[in-house]
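A.B. asks: next comes the sequence, and after it the predicted model I'd like to discuss.
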Amino acid sequence: MRLTVGVDVGGTKIAAGVVDDSGQILAMARKESPATDSEAIEENVAELVRELRRHHEIVGVGVG
């Protein structure tokens, strides 16, 4: 089973989830979005992906 992380960057939160081949969400993580600080947004996305990778073998990441 191949797992991916989907990341949703919004104005108030950044949400990320591990998804399997069938689209089933296996895990989720979330942080507040520093909407006016692009570097902080990038770091928060990276932190969320690192957090989810600790427990799942991830083959790809998509950001929207």
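C.D. replies: All right, it came through fine. Numbers count the residues shown, from 1 in each chain.
A.B. asks: this protein: helices as residue ranges?
C.D. replies: Defined through DSSP state H, the helices belonging to the chain, from first to last, are 38-53.
A.B. asks: center of it, which residue is that?
C.D. replies: Centroid-nearest residue in the chain, with C-alpha atoms, centre = their mean: residue 16, separated by 2.9 Å.
A.B. asks: report how many residues lie close to the closest residue in space to that residue that isn't next to it in sequence.
C.D. replies: The shortest distance from residue 16 to any residue other than its chain neighbours is 4.1 Å, reached at residue 48 (C-beta to C-beta, 6 or more residues apart in numbering). All C-beta atoms are positioned from the backbone trio N, CA, C, and that covers glycine. Other residues near residue 48 come to 21 when the count uses other C-beta atoms under 10 Å.
A.B. asks: for residue 3, same thing?
C.D. replies: Counted by other C-beta under 10 Å, the residues lying close to residue 3 total 17.
A.B. asks: need the contact list for residue 8.
C.D. replies: 14, 15, 16, 64 (C-beta atoms under 8 Å, 6 or more residues apart in numbering).
A.B. asks: try it again at 6 Å.
C.D. replies: Residues in contact with residue 8 (C-beta atoms under 6 Å, 6 or more residues apart in numbering) are 15, 64.
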